[in-house]
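[1] Just a sequence and a predicted model for now, questions to come.
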Amino acid sequence: MPIMTRTLRGLPPILLGVMAACSPAAEPRGSAAAAPPPAVAATPVEGPRLSFPLACVIGQTCEVQNRVDIDPGPGAQDYRCGTETYDAHNGADIRLLDMAAQRRGVEVLAAAAGRVSRLRDGVADISVKAAGAPPVAGQECGNGVVIDHGDGWETQYCHLARGSVVVKQGDTVVAGQPIARVGLSGNTEYPHLHLTVRKAGAVIDPFRPTPTSARCDATSDGVGLWEASAAKAVTYKAGAVLNVGFAAGPVTMDAVEAGGVAAPMTDGPALLAYVRAINLAGGDVQSLSLAGPDGAVLAHTTLPALERSKAQYLLYTGKRTPAAGWPGGRYVATYTVARGGVVVLKRAFELAL
C-alpha cells in the first residue's frame, strides 16, 4: 500500500497534522488463492449454514475488510454493488485490529461440521511488505486448512499462524471448533482470516449465493449461507472504525498496525487524536475534532470529499503543547464520516490526563 504522509514541517503551530496515510480500495490488501480463482457459481445454491469463523466480536475486536469480487472482468464489485473487495478476491476477509491482537491469539473456528481434507503449516508469519519477506508464489494462502462438508461443499481458511493448526488431515470437526489461530502467513499485509467457500470447485459468495447473471444488489441483506447470529455479525456497513487513540506526535500506519501507540503526557510535545477507518467510499467527508476538559475545541479537521473508495485511511489532528502543559481532565475526540450529506459513521473517544 502506498503511504502518503504529512509531517510537522511547515504546518501552523496549532495544527500538527490532518492526514497520515491512505490506501486505494482496489489495491491488494488481503489474500488470493494459489491459482486464479474460478468464476463465482453461476446457479442458485443451497449449502451448509455457516457459523462465524473467528473467536472475535465484529465492531469491537475485528471487522470485515473484504468480500468476494463478483465482477467477472478486470473491475471489482461486491454483492452490494460496493467496493469492499478487489479484483479476483475469492473470499471473506475478517481482520483483527492490529498485530498486538494477533500476538495475543485469536482462534479460527470451523464454520460448519465436516472432515479436514487438506492442510498446510510451517509458513512464516511475515507481512509481504516487510523487507526481506520471502516470495509467496504457490503459497498465497499461507498456512491453511480445508474442510469438506459433503456434497461438493468445502471451506478454506487461510493466513493461519505458523504452528497453530490443531487439527489433522482426516479429523472430523463440528461447527465452532477451534482449528488454528489467526496469523500473518502467505499473501497478506495485516492479520486476518481469509475464508473461501466452494461448491464442486466453484467459488460461492457466502453473502449472496445467487446466479452471477443477477449481478449485484444494493438492497441485499447479505444473509446468504450464514446462520442467524453470524449474518448479524457480518452485516454490510457504511465503513468502520478500526483503531482510535491519542499520541504525542504524528502517527504512522505502520505504528498503528503494530499496536501500542504511546499515549501523550501533560508535558509532551503535543496532543493528537487519531482514527484509522476502513472501507470508505468515494465522496465520503471525514471530520475529526479534539476538545479539552472545558469543552472548547482545541483542533478540528474536515477533509475534502474522497476522490475514490479507500480500503483504509488514517487521520489525525491535534495541537502543540502549551508552555504550561496540558491541564488535567477529560479530552474528547469525535470522528464522523458524512456520505451524501448524511453522517453514516461516528465515533467518540476520550483520554484522561
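    Perfect, I can see it now. Numbers count the residues shown, from 1 in each chain.

[2] can you tell me which residue is nearest the centre of this protein?
    Closest residue to the average C-alpha location of the chain: residue 65 at 3.5 Å, with Cα atoms, centre = their mean.

[3] can you pull the contacts of that one?
    Residue 65 makes contacts with 29-30, 84, 93-95, 192, 278-279, 311, as judged by Cβ atoms under 8 Å, 6 or more residues apart in numbering. Bear in mind the C-beta positions are built from the backbone N, C-alpha and C, glycine included.

[4] Next up, phi/psi of it, please.
    phi -90, psi -50 (degrees, to the nearest 10).

[5] Check residue 298 too.
    phi -90, psi -40.

[6] At which residues are the helices of the chain located?
    Remark: helices assigned in the chain by DSSP state H are 99-104, 228-233, 253-258.

[7] Can you tell me which of those is most buried?
    helix 253-258 (a mean of 18; mean count of other Cβ atoms under 10 Å).

[8] Make sure residue 257 is actually in contact with residue 99.
    Yes. With contact defined as Cβ atoms under 8 Å, residue 257 reaches residue 99; the gap is 6.1 Å.

[9] Give me the common contacts of those two.
    residue 190.

[10] Mind putting the contacts of residue 65 into TSV with distance to residue 270, neighbour count and pLDDT?
    Formatted as TSV, the contacts of residue 65 follow (distance: Cβ to Cβ, whole Å; neighbours: other Cβ atoms under 10 Å; pLDDT from 0 to 100):
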residue	distance to residue 270	neighbour count	pLDDT
29	30	23	43
30	34	25	44
84	34	29	95
93	34	25	98
94	35	25	98
95	29	26	98
192	32	28	98
278	26	23	98
279	29	28	97
311	28	23	95
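
[11] Looking at those residues, which two lie furthest apart in space?
    94 and 311 (14.6 Å; Cβ to Cβ).

[12] The chain - how does it break down into domains?
    19-24+239-352, 62-232 (automatic domain parsing).

[13] Which of those sits closest to residue 55?
    domain 62-232 (4.1 Å).

[14] Could you give the separation of that closest one from the chain centroid?
    Between the centre of domain 62-232 and the centre of its chain there are 12 Å (Cα atoms, centre = their mean, to the nearest Å).

[15] Equivalent analysis for stretch 220-236, please.
    Using Cα atoms, centre = their mean, the offset of stretch 220-236 from its chain centre is 17 Å.
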